[in-house]
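model the structure of this input:
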Amino acid sequence: MSPVLAARGAALLLSVAVTLPALADTDLDEIVVTATALRSTVQDAVQPVAVISGAELQHDISSSIGETLASQPGITGTYFGPQASRPVIRGLGGERVQVLEDSISSLDVSSLSEDHAVSVEDLLAEQIEIVKGPAALLYGSGAVGGVVNIITRRVPEKLPDGGFSGAAELRGDSASQEHAVVGRVDAGLDSVAIHADGYAHSSGDIAVPGYVWTPALRAAALAADPNAVLPRDHVANTDSRADGGALGASWIADRGFVGAGCSVHDTNYGTPQSPADYAAGTGSRIDMHQDRCDFKAELQGSGDGWFQALRLRGARNQYRHSEIEFDGTVGTQFRQTGTEIRASLDHQEGGLRGTVGLQYRGIDFRAGGADMPLVPDSKTVQTGAFAFEQWHHDPLTIEAGLRVEHGRIDVDPSSGFNDYSGSAVSGSLGALWKFSGNVSAALNLTRSRRQPAALELYANGVHDATGQYIVGDPALRPETADTVDLVLRGTGHAEWQLALWSSHFRDFIYLAPTGLVQEGVPLFDYTQSDARLHGAEGQLKARLWHDGAAALALTLLGDYVRGTAAGDINLPKIPPWRLGGQLDFDRGPWHVGASVYRFAPQEQVAPFETPTDGYVDLGVDVGLRQTLQRATLSWFLKGSNLGDAVERRHTSPLKDYAPLPGRSVSAGVRVEF
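Take a look at the predicted model:
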């Protein structure tokens, strides 16, 4: 499908959305997004936002945050195997997308490389919030592409209803041979709330349909060795195990709370073998451990006067992981100590309300081992001050925000590199207009400035996991993005949203292939160029029919991204367009759903990048919800990729030799009390 037809598809979603409300007669719930500056609902936010919770989250939960969110409009995943997949929002990922746990950075090294997993456990999520487009005003220059906030509530913010609540879940999957168990309990006694959780899961090598490698890679291997036995049916070295847990407690008062919690996370997983690794019988695994402690405090205003709330958030993280070769040799060891503190003050006076705050983030990064580290040791400190104000007078809401940030990277003197220091100023201006009939339009203009990361500045060496020799550039300048976002929404009997956006970058930083080879692997350089990314995304959720306890609902979604650098050169790893939908039938405690999604081929590729074939993904799911006294049981059965299609994701650096799982069936049960 051409870009013109893709745009027509987005327009079709809008036209269908406008006409469908007449077919439904049940309002959809409003959900508060805590990752926005003023904790707006999805319908009242000027910036495009999305929230996944409840049954939808249980349906979408996967082995990594990138895979959990990959079915959301405008989002896909990097997929470096099932355990290591970070979100890609509107074609941007890595350092430009921040992953948070309860509004504080994950403080791991997942943004350093695609083979590093996010250290937040998806199975514990109660809600996942996505802010699309620049969120640098609140969360720093690293959030120029968006924010994913995983809500776990490991530090309680209120007493549980009835004094005690909890949940436990068992699940398994056939394609990954996954077995997982997770549980949490929350208890309250007088003014003290206590939280505890734990989880464990394991999986085997991922099953795929037919040959693992693309036809081009297979042809090259057979040309070199006509008797070569090529891998098929399973992606070797993709098994994993993980376990962990947390304990937290808070003192709850009438107007606020103060609390703390600590957690531990352990995981060991393999990374898919490259053709060179397969031929040599080599490969690597990652053994990761994290200890994290969080602190929260909040004081609410009395309801009168300008003071609304004072919030304090903090986290301290000790992270380490080792990259271990098949023979037991530790190739590289990463150690990182991270600290983040955020303080904000919410205020209101008449029709004007807002928040002002301060943020500090300090990262002490160390790398060692048998291999030369890709990045030298460094200490990074970022400090920022932000202000966000909103004026509301029906039907118009106007918002403006400003952030001033200073960043410093002190690099190991023995590396021969110079330290980095710089400042960044970001700002936004937006407006929301509510029309009659529960329809609104939001326009957001943002100028965001991102400072280069240590990897982009100082990388110099072979990255075994990706099979690249990567060279940074210490002379990189901060990149600036001017973004325009137009969002149309409808709520009430049906819920729909259409977003059109465009980002113009000056000094866009990206990893570009050179076509050269160094130390036996392709040479990639971090470079800068002006660039433009633009696209569209839409989603519709509507109830088509209902009769008593029976109802039929429709979900449609589609998205499109185009990214080019100066000279109309295609940017790498830009996802292709997709269109699809799902029908859901509910009758009493039973649920049945069926979905079909078309993923287009990606032929607009960067230099030295290979194209990716398109595919159609088919799925079904069945659920049963039972109430037993105080407990609720939710049984689910889900079939994915039922056509057993070969699915390769263009945003994955391993797409040519690590496809997505083939036909799979997952099942499980969840109890809530």
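
residue 474 touches residue 419, doesn't it?
No. Between residue 474 and residue 419 there is no contact under C-beta atoms under 8 Å: 9.7 Å. (Each C-beta comes from the backbone N, C-alpha and C, glycine too.)

more neighbours: which of these two?
Applying other C-beta atoms under 10 Å to residue 474 and residue 419 shows that residue 474 carries more neighbours, namely 16 against 13.

now do the SS call for that one.
When classified by DSSP: H, G, I helix; E, B strand; the rest coil, residue 474 comes out as coil.

now do the same contact list for it.
Contacts here follow C-beta atoms under 8 Å, 6 or more residues apart in numbering; on that basis residue 474 touches 417, 418, 420, 457, 458.

for the residues you listed, pick the one with the most neighbours.
residue 458 (27 neighbours).

can you give me phi and psi for it?
Backbone torsions for residue 458, taken as degrees, to the nearest 10, come to phi -120, psi 0.

please report the distance of it from residue 103.
30 Å (C-beta to C-beta, to the nearest Å).

packing partners for the host helix or strand of residue 499?
Using DSSP states H and E, residue 499 falls within strand 494-518. Contact partners of strand 494-518 among helices and strands, from 3 or more C-beta pairs under 8 Å, 6 or more residues apart in numbering; DSSP states H and E: helix 3-19, strand 468-471, strand 479-490, strand 521-547.

list the buried ones in it?
494-501, 503, 505, 507-512 (16 or more other C-beta atoms under 10 Å).

then stretch 284-297?
Applying 16+ other C-beta under 10 Å to stretch 284-297 flags 284, 285, 286, 288, 289, 290, 292, 293, 294, 295, 296, 297 as buried.

surely residue 220 is within a helix?
Yes. Residue state for residue 220 (three-state DSSP) corresponds to a helix.

tally of neighbours for it?
12.

next: the one 10 residues further on.
Here the number of neighbours of residue 230 (other C-beta under 10 Å) works out to 14.

can you show me the strands along the stretch 301-450 of the chain?
In the stretch 301-450 of the chain, the segments counted as strands under DSSP state E, counting those that start in this stretch are 307-325, 330-349, 352-368, 378-393, 396-411, 420-434, 439-450.

can you put those in a markdown table and add mean pLDDT?
A markdown table is the format used below for those (pLDDT from 0 to 100):
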| stretch | mean pLDDT |
| --- | --- |
| strand 307-325 | 95 |
| strand 330-349 | 94 |
| strand 352-368 | 94 |
| strand 378-393 | 95 |
| strand 396-411 | 96 |
| strand 420-434 | 95 |
| strand 439-450 | 95 |
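
can I get those strands in CSV including distance to residue 636?
Formatted as CSV, these follow (distance: least, C-beta to C-beta, whole Å):
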stretch, distance to residue 636
strand 307-325, 32
strand 330-349, 36
strand 352-368, 39
strand 378-393, 40
strand 396-411, 39
strand 420-434, 37
strand 439-450, 34
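
nearest to residue 628, out of those strands?
Of all the strands of the stretch 301-450 of the chain, strand 307-325 sits nearest to residue 628, with 37.5 Å by C-beta to C-beta.

show me what the closest one is packed up against.
So strand 307-325, by 3+ C-beta pairs under 8 Å, 6+ apart, packs with strand 104-105, strand 284-300, strand 330-349.

quote the end-to-end distance of stretch 77-90.
11 Å (C-alpha to C-alpha, to the nearest Å).

list the contacts of the helix or strand harbouring residue 181.
Assigned by DSSP H and E, residue 181 belongs to strand 178-189. Residues outside strand 178-189 that contact it (C-beta under 8 Å, 6+ apart) are 63, 121, 123-124, 156, 159-160, 163-172, 193-203, 252, 666, 668.

which of those residues are buried?
63, 121, 123-124, 156, 159-160, 165-169, 171-172, 193-203, 252, 666, 668.

those residues in strands, which ones?
Here DSSP state E is the test, and the buried ones among the contacts of strand 178-189 give 165-169, 171-172, 193-203, 252, 666, 668 as lying in strands.

got the contact list for residue 485?
Contact analysis of residue 485 by C-beta under 8 Å, 6+ apart lists 47, 48, 133, 442, 443, 444, 445, 446, 499, 500, 501.

count of neighbours near the residue nearest to the second one when sequence neighbours are not counted?
The shortest distance from residue 48 to any residue other than its chain neighbours is 4.2 Å, reached at residue 132 (C-beta to C-beta, 6 or more residues apart in numbering). A count of neighbours around residue 132, defined by other C-beta under 10 Å, yields 26.

do residue 566 as well
Number of residues near residue 566 (other C-beta under 10 Å) recorded here: 12.

what's the answer for residue 233, then?
13.

and it, which helix or strand is it part of?
Assigned by DSSP H and E, residue 233 belongs to strand 232-235.

what does residue 55 give?
Counting by DSSP H and E, residue 55 is found in helix 54-60.

enumerate every residue touching the closest residue to residue 515 other than its chain neighbours.
Of all residues not flanking residue 515 in the chain, residue 608 sits nearest, at 5.5 Å (C-beta to C-beta, 6+ apart). Applying C-beta under 8 Å, 6+ apart to residue 608 gives the contacts 513, 514, 515, 522.

any idea whether the closest residue to residue 246 other than its chain neighbours is helix, strand or coil?
Using C-beta to C-beta, 6+ apart and skipping residues adjacent in sequence, the residue nearest residue 246 is residue 263, 3.5 Å away. Following three-state DSSP, residue 263 is assigned to strand.

verify the contact between residue 263 and residue 289 for me.
No. The pair residue 263 and residue 289 does not pass the contact test of C-beta under 8 Å, sitting 11.7 Å apart.

quick revisit: tell me which of the strands of the stretch 301-450 of the chain lies nearest to residue 218.
So among these, strand 307-325 is nearest, using C-beta to C-beta, at 25.6 Å.

run the angle between that closest one and strand 284-300 for me.
170 degrees (axes from the mean of the first three to the mean of the last three C-alpha atoms, to 10 degrees).

what strands line up against strand 307-325, and which way round?
Sheet partners assigned to strand 307-325 using DSSP bridges are listed as strand 284-300 (antiparallel), strand 330-349 (antiparallel).

now do the strand holding residue 233: distance to the chain's middle.
27 Å (C-alpha atoms, centre = their mean, to the nearest Å).

what does stretch 105-114 give?
Relative to the chain's own centre, stretch 105-114 is displaced by 12 Å; criterion: C-alpha atoms, centre = their mean.

and for it, what are the contacting residues?
Looking at what lies outside stretch 105-114 - C-beta under 8 Å, 6+ apart - the contacts are 78, 80, 84, 86, 94-95, 97-100, 116-120, 139, 142, 290, 292, 315, 317, 319, 321, 334, 336, 338-340, 361, 363, 365, 374-375, 453, 455, 463, 465-466, 652-653.

CA atoms only: put that stretch into PDB for me.
In PDB, the C-alpha atoms belonging to stretch 105-114 read as follows (Å, rounded to 0.1, in the frame of the first residue of the first chain):
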ATOM      1  CA  SER A 105      13.000   6.200  35.500                       C
ATOM      2  CA  SER A 106      13.800   2.500  35.400                       C
ATOM      3  CA  LEU A 107      17.500   3.500  35.800                       C
ATOM      4  CA  ASP A 108      18.800   0.500  33.900                       C
ATOM      5  CA  VAL A 109      20.900   0.300  30.800                       C
ATOM      6  CA  SER A 110      18.200  -0.900  28.400                       C
ATOM      7  CA  SER A 111      18.500   2.300  26.300                       C
ATOM      8  CA  LEU A 112      22.200   1.600  25.800                       C
ATOM      9  CA  SER A 113      21.600  -1.300  23.500                       C
ATOM     10  CA  GLU A 114      18.700  -3.300  22.100                       C
END
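
many thanks, we can stop here.
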